[in-house]
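A.B. asks: Any chance you could fold what I've pasted below:
(one chain, ligands or ions: 1)
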Amino acid sequence: MTKKKTYTKTELKKFEKNILDKISEVNESIEGVRSTTEPTNSVFIQDRSEDFNEGTEAHEVEKSFLLMSRESDYLVNLKKALQRIQDGTYGICEVYTKDSGKCECPDSPLIAKERLMEVPNATKGVFCKEKKKLNLI
Ligand SMILES: [Zn+2]
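C.D. replies: Sure thing, here's the model as predicted:
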């Protein structure tokens, strides 16, 4: 039995829907930041910086901008992910593609489905991501 090298069309459709859902989530969140200085529906709310604790208006504005630029980056990455779906390269570990087969990710060359549903903009499998973090690649 040969190892699966790409996700099927059906699977890609599912990923695409997941990405589109995330995009609208982020868009809504950005709207929320625009209309109020105290966003409550941000997807990044859980890891907001604790550095701003003075609560002045200037800080609130700064915080909103920070949040917006982070979410815009995320949006850009999600759109790139959509592009990869079109190209048919979505869900394949970037390191595997670049190093032509040298990748030790658990589902190599594919990035695990659970990971893609959770982090739809992921370009590397867990193993390569950790390795990269340690500067081993
Ligand atoms: Zn990999």
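A.B. asks: so what's residue 90 closest to, chain neighbours aside?
C.D. replies: Once flanking residues are discounted, residue 90 sits nearest to residue 84: 4.0 Å by Cβ to Cβ, 6 or more residues apart in numbering. All C-beta spots, glycine's among them, are computed from the backbone N, C-alpha and C.
A.B. asks: can you count the residues close to the one you found?
C.D. replies: Per other Cβ atoms under 10 Å, the neighbour tally for residue 84 reads 19.
A.B. asks: so it is in which element?
C.D. replies: Secondary structure assignment for residue 84, by DSSP states H and E: helix 57-87.
A.B. asks: Heading C-terminal from that helix, find the next helix or strand.
C.D. replies: Counting by DSSP H and E, the next helix or strand C-terminal to helix 57-87 is helix 94-98.
A.B. asks: is the ion contacted by the helix or strand following that next one?
C.D. replies: Sequence-wise, the next helix or strand downstream of helix 94-98 (DSSP H and E) is helix 113-118. No - shown here: helix 113-118 not in contact with the ion (Cβ under 5 Å from the ion), separated by at least 11.2 Å.
A.B. asks: Report the buried residues of helix 113-118.
C.D. replies: By neighbour count with 16 or more other Cβ atoms under 10 Å, helix 113-118 contains the buried residues 115, 116.
A.B. asks: Quick one: mean pLDDT for that helix?
C.D. replies: Across helix 113-118, pLDDT averages out at 96.
A.B. asks: now stretch 93-109
C.D. replies: Mean pLDDT, stretch 93-109: 87.
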